[in-house]
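Undergrad: Following is a predicted model, sequence given first.
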Amino acid sequence: MTAAFDPRPQYLRALDQLEKLFLQVTPEQLDRPTPCTEYDLRALLGHTLGGIHRVAYVGEGGRGLDLPAQAGEIADTAWPAALGRARQRVAAAWEEDEKLDRVVEVPWGYVPGRIALGGYVMEAVTHAWDIAQVVAPGAALDEELALSVLPVAEQVLPADQRDDVPFGPVQPAPADADAPTRLAAWLGRTV
């Protein structure tokens, strides 16, 4: 990522992808397991929303460690509306260009805003894959978006340095796997 890199369009595109998936969530799916094994679907949706609120909070000037990465209690049918509110908040929080160069604190350290927001692009794209496995198995996800974050994931999360990160070992992916699936495998999901 260069100093000119602006992750905001990618992040909003990742949220568009999440929105399509959130619209497909049904109450009977919420207790199902996900490829993100520590979460059932309800918990993963809450974690995903929590991440959006966390990066919004960072854009608003807060410390990334001060806000829990869970969204709180959401009614079974209110997930799309909750995502809509989170999207509005994060878009407003990062609207000013100057915030991209301001050093911010996120769970992985102090980095320029553009790097912090770029990390949350990777999170949103990966959790879209996790959610899709439950609500829309086989759905075509944004290949171009996943291709843009896969090399970043490979660089910042090398296969041989997984001791202090919340990702399992790199998993094998089929040779013909699409980019979202390869990203999920790189981040420790069984695909």
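TA: On my side now, so go ahead.

Undergrad: The lengthiest helix in the chain packs against which elements?
TA: Selection of the longest helix in the chain by residue count, based on DSSP state H, yields helix 113-135. Where contact means 3 or more CB pairs under 8 Å, 6 or more residues apart in numbering; DSSP states H and E, helix 113-135 is packed against helix 8-22, helix 41-59, strand 103-106, helix 143-156, helix 179-186. For every residue, glycine as well, the C-beta is placed using N, CA and C.

Undergrad: Out of these, which is closest to residue 90?
TA: helix 41-59 (4.0 Å; CB to CB).

Undergrad: How is residue 110 assigned, secondary-structure-wise?
TA: At residue 110 the chain is in strand, as set by DSSP: H, G, I helix; E, B strand; the rest coil.

Undergrad: do you know how far it is from residue 190?
TA: 33 Å (CB to CB, to the nearest Å).

Undergrad: and the closest residue to residue 23 other than its chain neighbours, how many neighbours?
TA: Leaving aside its chain neighbours, residue 23 sits nearest to residue 80 (5.2 Å; criterion: CB to CB, 6 or more residues apart in numbering). The local packing of residue 80 (other CB atoms under 10 Å) involves 15 other residues.

Undergrad: swap in the one 10 residues further on?
TA: Neighbours of residue 90 under the rule other CB under 10 Å: 26.

Undergrad: same question, residue 135
TA: The burial count for residue 135: 20, using other CB under 10 Å.

Undergrad: what residues are up against it?
TA: Taking CB atoms under 8 Å, 6 or more residues apart in numbering, we find residue 135 in contact with 21, 24-26, 29, 41.

Undergrad: Quick check: phi and psi on the residue lying closest to it once chain neighbours are set aside?
TA: Once flanking residues are discounted, residue 135 sits nearest to residue 24: 4.5 Å by CB to CB, 6+ apart. With angles defined as degrees, to the nearest 10, residue 24 sits at phi -90, psi -10.

Undergrad: Would you confirm that residue 24 contacts residue 137?
TA: No. Taking contacts as CB atoms under 8 Å, residue 24 lies outside contact range of residue 137: 10.9 Å.
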